[in-house]
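**Q** curious how this folds, go ahead:
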Amino acid sequence: MPETPHPESAARLPETEARRLDDAATRLVDVATRSLDPAGGFGWLDDAGRLTPGRPAETWVTCRMTHTFALAHLHGDPRAADLVDHGVQALRTTLHDERHGGWLSVAGRADGGKEAYAHAFVVLAAASATGMGHPDGRALLDEALGVMVDRFWDEDEGLVVDQWDASWTRLDPYRGVNANMHTVESFLAAADVTGDRVWLDRATRVLTRVVDGFARSHDWRLPEHFDEQWSPLLDHNVDNPGHPFQPYGVTIGHLIEWSRLSLHVATALGDESPSWIPGAARDLYAAGVRRGWDVDGAPGFVYTTDFEDRPVVRERMHWVVAEAIAAAWTLHRATGDTAYADDYERWWAYAVQHLVDPADGSWRHELDVHNQPSSRVWAGRPDVYHAYQATVLPLMPEAASFIGAAQGGW
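**A** Numbering: from 1, shown residues only. Next up is the predicted model:
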């Protein structure tokens, strides 16, 4: 098995490990370039790395790819600028709802709903395009932030609502934490590229409600699903537990992802950071590892558990390992604790052994309980975003967002 990196400091990453990560990042971009859809945006790649015939581009995939290419451009990839432009133009045309405003979930399907999840990724893609200097980036970002505030942001709650119908006339009563998590991510990016403090303040409000509120009050078993009064719906999708976006129970990877985002908010706030954030970040990460890793007799993180820590969906998702790598690195950098360095090495070892395809460097998206390829929840390999971020994070300076770090130089 290839040697896995051991974190030291972001500023003094060993040269051999920096080269390894650089090479891995380049290979992921190689894969991502195949997703370019000539009709606009970026499409869904199958397990062989080919565009899925007849499946139109989706906004969230297009945005994640655009964000990734913006980071790659700032890392010196000569292919990336044109790919960012392709994504930005799709968000301004093919995926934009010219009639009602906002963004379609899927190209050509104007009758679909308007999701906070997808719109948060429009903000992220636009912020990253702005940060890399795309001429249309700021206009796209301003529009996306306007839609987020006008349609999704609930000032009284300090959270975003989840889904409207296509014409913005009916708001679904469902409220979700997943969309709020990516809103924190996108608002941090917006704050970094605009310098406007309001986006950091809103990200902090969301983080406080979710982490210091919902997660802490449930002993770090974060409820994901709520009604319109923000009362938890603990049985939501109990009959469809493997839902790719709204699974039943506790989503292990989100505990870990919220841990990392908590530390990014603390970095952004500096001396103003609330005293509860470092402990909460450690507790969320510890809960995710303790309740999700190797809990059913085989290595890997289970996708979900119930609220008594029993595994429900035992498939292993690539993105959970990627988030564990990124969170372990961030915690090690923040605390100096070598236990997180050991975890970083452990998660990379698992990824190299089970997830990274030696043929092209892409990551298998889903494995079963025996760590064999699976597609129960997730078919194909349509997204390099989690893997790319986990790979490049140790190469970057400490920052509140990936685009903020990339702007500061690698």
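**Q** for residue 320, what are its contacts?
**A** Going by CB atoms under 8 Å, 6 or more residues apart in numbering, residue 320 touches 252-253, 256, 292, 301, 303. Every C-beta, even on glycine, is put in place using the N, C-alpha and C of the backbone.
**Q** surely it forms part of a strand?
**A** No: per DSSP: H, G, I helix; E, B strand; the rest coil, residue 320 lies outside any strand segment and is helix.
**Q** ok, it to residue 367 distance?
**A** 11 Å (CB to CB, to the nearest Å).
**Q** what comes up buried for stretch 43-62?
**A** Buried residues in stretch 43-62, counted by 16 or more other CB atoms under 10 Å: 43-45, 49, 51, 55-62.
**Q** and which of those is nearest residue 100?
**A** Using CB to CB, residue 59 comes nearest to residue 100 of the buried residues of stretch 43-62, at 14.4 Å.
**Q** as CSV, the contacts of residue 320 with neighbour count and secondary structure would be great.
**A** Formatted as CSV, those follow (neighbours: other CB atoms under 10 Å; DSSP: H, G, I helix; E, B strand; the rest coil):
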residue, neighbour count, secondary structure
252, 28, helix
253, 23, helix
256, 32, helix
292, 26, helix
301, 25, strand
303, 28, coil
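**Q** among these, which two are most distant?
**A** 256 and 303 (12.5 Å).
**Q** list the contacts for residue 296?
**A** By CB under 8 Å, 6+ apart, the contact set of residue 296 is 302, 311, 314, 369.
**Q** surely residue 144 meets residue 121?
**A** No: in this structure, residue 144 is not within contact of residue 121 by CB atoms under 8 Å, at 9.3 Å.
**Q** who has more neighbours, these two?
**A** residue 121 (29 against 25; other CB atoms under 10 Å).
**Q** distance of the closest residue to that one other than its chain neighbours relative to residue 207?
**A** Spatial nearest neighbour of residue 121, excluding adjacent residues (CB to CB, 6 or more residues apart in numbering): residue 63 at 3.6 Å. As judged by CB to CB, residue 63 and residue 207 stand 21 Å apart.
**Q** which one of those two has more residues nearby?
**A** Neighbour count, other CB under 10 Å: between residue 63 and residue 207, residue 63 has more, with 32 against 27.
**Q** quickly note the distance from that one to residue 167.
**A** Residue 63 is 22 Å from residue 167, by CB to CB.
**Q** follow-up on the earlier one: can I get the contacts of residue 296 in TSV with secondary structure and neighbour count?
**A** Formatted as TSV, the contacts of residue 296 follow (DSSP: H, G, I helix; E, B strand; the rest coil; neighbours: other CB atoms under 10 Å):
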residue	secondary structure	neighbour count
302	coil	25
311	strand	17
314	coil	22
369	coil	16
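**Q** where along the stretch 251-400 of the chain do the helices fall?
**A** 252-269, 277-292, 318-335, 338-350, 385-392 (DSSP state H, counting those that start in this stretch).
**Q** pipe those into TSV and attach mean pLDDT and distance to residue 76 per row.
**A** As requested, those are exported to TSV (pLDDT from 0 to 100; distance: least, CB to CB, whole Å):
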stretch	mean pLDDT	distance to residue 76
helix 252-269	98	24
helix 277-292	98	31
helix 318-335	97	21
helix 338-350	96	23
helix 385-392	98	12
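**Q** closest to residue 23 out of those?
**A** Nearest to residue 23 among the helices of the stretch 251-400 of the chain is helix 385-392 (9.5 Å), distances taken as CB to CB.
**Q** for the closest one, the distance to its chain's centre please.
**A** 9 Å (CA atoms, centre = their mean, to the nearest Å).
**Q** any residues touching it, and which ones?
**A** By CB under 8 Å, 6+ apart, the residues outside helix 385-392 that reach it are 21, 24-25, 28-29, 32, 64-65, 67-68, 71-72, 75, 318-319, 321-323, 325-326, 362-363, 402, 410.
**Q** try it again at 6 Å.
**A** With CB atoms under 6 Å, 6 or more residues apart in numbering as the test, helix 385-392 has contacts from 21, 24-25, 28, 64, 68, 319, 322, 325-326, 363, 402.
**Q** residue ranges with poor pLDDT in the stretch 101-250 of the chain?
**A** Of all residues in the stretch 101-250 of the chain, none has pLDDT under 70.
**Q** give the next helix or strand downstream of the helix or strand containing residue 193.
**A** For residue 193, the host element (DSSP states H and E) is helix 177-194. Moving toward the C-terminus from helix 177-194, the next helix or strand (DSSP H and E) is helix 197-207.
**Q** any idea of the angle that next one forms with helix 252-269?
**A** 140 degrees (axes from the mean of the first three to the mean of the last three CA atoms, to 10 degrees).
**Q** can we start the residue count at 646 from this point?
**A** Happy to do that; since the first residue is 646 now, the last one works out to helix 842-852.
**Q** please save the CA atoms from helix 842-852 in PDB.
**A** Coordinates of the C-alpha atoms in helix 842-852 are reproduced here as PDB (Å, rounded to 0.1, in the frame of the first residue of the first chain):
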ATOM      1  CA  ARG A 842     -19.000  40.800   7.700                       C
ATOM      2  CA  VAL A 843     -22.700  40.000   7.400                       C
ATOM      3  CA  TRP A 844     -22.000  36.600   5.800                       C
ATOM      4  CA  LEU A 845     -19.700  35.500   8.600                       C
ATOM      5  CA  ASP A 846     -22.300  36.700  11.200                       C
ATOM      6  CA  ARG A 847     -25.000  34.600   9.500                       C
ATOM      7  CA  ALA A 848     -22.700  31.600   9.200                       C
ATOM      8  CA  THR A 849     -22.100  31.900  13.000                       C
ATOM      9  CA  ARG A 850     -25.800  32.100  13.700                       C
ATOM     10  CA  VAL A 851     -26.500  28.900  11.800                       C
ATOM     11  CA  LEU A 852     -23.500  27.200  13.500                       C
END
